[in-house]
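*Asks:* how would this look folded up:
(chains A, B, C and D)
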Protein chains: 2
Amino acid sequence: MQGSAQTISPLRIVPRSGLCDACQVRGVAACSALDNNELQRLASIVTEKKYDAGATIFEQGDEPAYIFNLTSGHVRLAKTLANGRRQIIGFVYPGGMLGLATHGAYVCSAEAIGPVKLCRFPRDRLLALLDELPPLKTRLLDIAADELGDAQEQMLLLGRKTPLERVASFLWRQYQEAIRCGQTKPSIDLPMGRTDIADYLGTTIETVSRTFTRLRNDGLIRLEHANKVIILDAQGLEEIAEGL
Amino acid sequence: MQGSAQTISPLRIVPRSGLCDACQVRGVAACSALDNNELQRLASIVTEKKYDAGATIFEQGDEPAYIFNLTSGHVRLAKTLANGRRQIIGFVYPGGMLGLATHGAYVCSAEAIGPVKLCRFPRDRLLALLDELPPLKTRLLDIAADELGDAQEQMLLLGRKTPLERVASFLWRQYQEAIRCGQTKPSIDLPMGRTDIADYLGTTIETVSRTFTRLRNDGLIRLEHANKVIILDAQGLEEIAEGL
DNA sequence: ACCGGGCATTGATTTGAATCAAGCGCGCGT
DNA sequence: ACGCGCGCTTGATTCAAATCAATGCCCGGT
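*Replies:* Now for the predicted structure:
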């Protein structure tokens, strides 16, 4: 499977690019912008890394030595205030990038929610490579612009939505993401716990829990168990999410 | 002044690039990445636009036909919820970009706070030009990564800071920005009103007002008038902002 | 199968910011 | 110079979500 040549490349040096051939997320990831030849250049600077559940991939304030591409598992990005209050900036799904946003240092920490695999690129080498791989630079610009749009949507949520609207928005987005990934049933598997959800939505674990219960009682969702949500009324959920 | 040749360009076609020669924000703006030759290519697709105070430059949801560079005045970026609740996503200062973040449409509206001048680039032509001007693409990627970092900082503010910390953070950032722009006195001129500040900080006009009063009573600031703040205790302000 | 611990839910109480409601002051136009 | 109006400040009250406090449930280990 690794050696199977769907690609017809003349010299099969392939430093470790067998990885990319077998990559599960190649279609979604940043690499999707590249042809096989270009991909090999990228592959020449990549290292595959694994982390256990709960492990820290990098810390807010660290020198941003690497940029990552998540190939399997889920990651949370978090910022922490002096007194311990925590805000989750976002969740990363397979195919997503880590470490793009910086101000000279990582602006947030990245933690593995479950066991995680990712492709690690030395930042300086990746940035140097960008000048030789214009499609990749374009792709990264697109990704950054998209993430910026997502971030702005989250600001609206945090600044102006009620807890009910926040949870509904969260579920709605998870649902859309699941659909995008080929899910056909109206259900969501939540890889993260209530604490993470609360810290993402700028509220408390108790409020999140009560809100789930309320959505259940109102017939919008069913809770198969705490981490498996069945969407019963997608439109109703969206309307709540949009503040209608 | 317009025709003054500091640059030695062979053919002086210069569609309207006299503009760039005289540009006040050339050092800070995205164009700073370009040499004079490259700048002319940019200048060939630019149109200068002016807007009155309160004017809408573009609307959330519009087709993102243009990307802008603010040359003078201040802009607010806002998103609005069905029932009228508004969240200000950010304020743009001279030299800043508008319209970078998109998801196929402008993700927020841009409104002139006071009278405003900006350079307008047709999006498709600018993006096409990026492939010929790699330094500009790099610069835009840098700008996007920076804005992403700012957005994440704002999420922390909206999700986890108290109103006091929010206002202190806001003033602190304004102060840093003023210093960056060459300001030497410890004072800030606020181009926006209390309503804009409240909508930016995810709180109400009354709370903002009370918090200004409290910071004044606690000796951290002095209010020369509503829009002119003197910083009396910069360190104290920063400590509050950081939640210490 | 039983026990223990961590996570989620549910309930009671408190609290701080939103809302409601006046005043105040400054700038503008006449 | 005067009065008008808008935007800011200040005060009183309400209310929703945070906090405090049990209780329940599921999973993993023995």
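
*Asks:* residue contacts, A:I113?
*Replies:* Taking Cβ atoms under 8 Å, 6 or more residues apart in numbering or on different chains, we find A:I113 in contact with A:A53, A:G54, A:G73, A:H74, A:V75, A:R76, A:F91, A:P191, A:M192, A:D196. (C-beta placed from N, C-alpha, C; glycine too.)

*Asks:* For the fifth one, which residues are in contact?
*Replies:* Yep, that's A:V75 we're talking about. Remark: with contacts taken as Cβ under 8 Å, 6+ apart, A:V75 is in contact with A:I57, A:F91, A:V92, A:G96, A:L98, A:A110, A:E111, A:A112, A:I113, A:V116, A:L118.

*Asks:* which of the contacts of A:I113 are buried?
*Replies:* A:G73, A:H74, A:V75, A:R76, A:F91, A:P191, A:M192, A:D196 (16 or more other Cβ atoms under 10 Å in any protein chain shown).

*Asks:* Give me the buried positions along the longest helix belonging to chain A.
*Replies:* With DSSP state H applied, the helix covering the greatest number of residues in chain A is identified as helix A:134-160. When neighbours are counted by 16+ other Cβ under 10 Å, the buried residues of helix A:134-160 are found to be A:136-141, A:143-160.

*Asks:* check the residues you listed against chain B, which are close?
*Replies:* A:137-138, A:140-141, A:144-149, A:151-156, A:158-160 (Cβ under 8 Å from any Cβ of the partner chain).

*Asks:* Identify all contacting residues around the strand or helix carrying A:R173.
*Replies:* Element membership of A:R173, judged by DSSP states H and E, is helix A:163-180. Under the contact criterion Cβ under 8 Å, 6+ apart, helix A:163-180 has outside partners A:93, A:157-158, A:161, A:186-190, A:197, A:200-203, A:207-208, A:211-212, A:214-215, A:220-221, A:229, A:231, A:234, A:237-238, A:240-241, A:243.

*Asks:* so that helix versus helix A:134-160, what angle?
*Replies:* The directions of helix A:163-180 and helix A:134-160 differ by 160 degrees, with axes from the mean of the first three to the mean of the last three Cα atoms, to 10 degrees as the criterion.

*Asks:* Can you tell me the closest non-neighbouring residue to the most centrally placed residue in chain A?
*Replies:* Compute the mean C-alpha point of chain A, and by Cα atoms, centre = their mean the closest residue is A:V92, 1.5 Å away. Spatial nearest neighbour of A:V92, excluding adjacent residues (Cβ to Cβ, 6 or more residues apart in numbering or on different chains): A:V75 at 4.1 Å.

*Asks:* where does the one you found sit relative to chain B, distance-wise?
*Replies:* Distance, A:V75 to chain B, using Cβ to the nearest Cβ, to the nearest Å: 14 Å.

*Asks:* Show me what that residue is bridged to.
*Replies:* Here A:V75 shows beta-bridge partners A:V92, A:A112, assigned using DSSP bridges.

*Asks:* so what pLDDT did A:C20 get?
*Replies:* Listed pLDDT for A:C20 reads 81.

*Asks:* can you pull the contacts of it?
*Replies:* A:C20 touches A:R26, A:C31, A:L39, A:Q40, A:L42, A:A43, counting by Cβ under 8 Å, 6+ apart.

*Asks:* try 10 Å
*Replies:* For A:C20, the contacting residues are A:7, A:14, A:26, A:29, A:31, A:34, A:36, A:39-40, A:42-43, A:46, A:119, taking Cβ atoms under 10 Å, 6 or more residues apart in numbering or on different chains as the criterion.

*Asks:* so where's chain A shaky on pLDDT?
*Replies:* Segments of chain A classed as low confidence (criterion: pLDDT under 70) are A:1-18.

*Asks:* Recalculate using a threshold of 90.
*Replies:* For chain A, applying pLDDT under 90 flags the ranges A:1-44, A:82-83, A:101-104, A:181.

*Asks:* Where do the helices of it begin and end?
*Replies:* Using DSSP H, the helices assigned to chain A run over residues A:18-21, A:36-43, A:123-130, A:134-160, A:163-180, A:194-201, A:205-217, A:234-241.

*Asks:* returning to what we had before: these two touch, right, the residue nearest to the centre of chain A and A:L118?
*Replies:* Yes. A:V92 sits in contact with A:L118 when judged by Cβ atoms under 10 Å, with a separation of 9.3 Å.

*Asks:* what do these two both touch?
*Replies:* Applying Cβ under 10 Å, 6+ apart, one finds that A:V92 and A:L118 are jointly contacted by A:I57, A:F68, A:N69, A:L70, A:G73, A:V75, A:L98, A:A110.

*Asks:* quick one on the thing from earlier: pick the one among the contacts of A:C20 closest to B:G182.
*Replies:* When the contacts of A:C20 are ranked by distance to B:G182 (Cβ to Cβ), A:L42 comes first, at 41.7 Å.

*Asks:* Enumerate every residue touching that closest one.
*Replies:* A:17, A:20, A:30-31, A:34, A:69, A:119, A:121, A:125-126, A:129, A:133, A:136.

*Asks:* who does the residue nearest to A:Y66 when sequence neighbours are not counted bridge with?
*Replies:* Closest residue to A:Y66 apart from its sequence neighbours, by Cβ to Cβ, 6+ apart: A:R120 at 5.0 Å. Taking DSSP bridges, one finds A:T47, A:F68 as the beta-bridge partners of A:R120.

*Asks:* how near is A:R120 to A:F68?
*Replies:* A:R120 is 5 Å from A:F68, where distance means Cβ to Cβ, to the nearest Å.

*Asks:* which one of these two has more residues nearby?
*Replies:* A:F68 (23 against 19; other Cβ atoms under 10 Å in any protein chain shown).

*Asks:* Thought A:K49 was touching that one, still the case?
*Replies:* Yes. Counting by Cβ under 10 Å, a contact exists between A:F68 and A:K49, whose distance comes to 7.8 Å.

*Asks:* what does chain A put close to DNA strand C?
*Replies:* Taking Cβ under 7 Å from any atom of the strand as the test, the list of chain A residues beside DNA strand C reads A:193-195, A:205-206, A:208-210, A:212-213, A:223, A:226-227.

*Asks:* Return the residues in contact with A:G96.
*Replies:* Counting by Cβ under 10 Å, 6+ apart, A:G96 touches A:25, A:28-30, A:68-71, A:74-75, A:77, A:90, A:118, A:143, A:147.

*Asks:* Which residues are in contact with each of A:F68 and A:K49?
*Replies:* Taking Cβ under 10 Å, 6+ apart as the contact rule, the neighbours common to A:F68 and A:K49 are A:I57, A:V116, A:L118, A:C119, A:R120.

*Asks:* quick one: contacts for the fourth one?
*Replies:* For A:C119, the contacting residues are A:19-20, A:23, A:25, A:29-31, A:42-43, A:45-49, A:66-71, A:97, taking Cβ under 10 Å, 6+ apart as the criterion.
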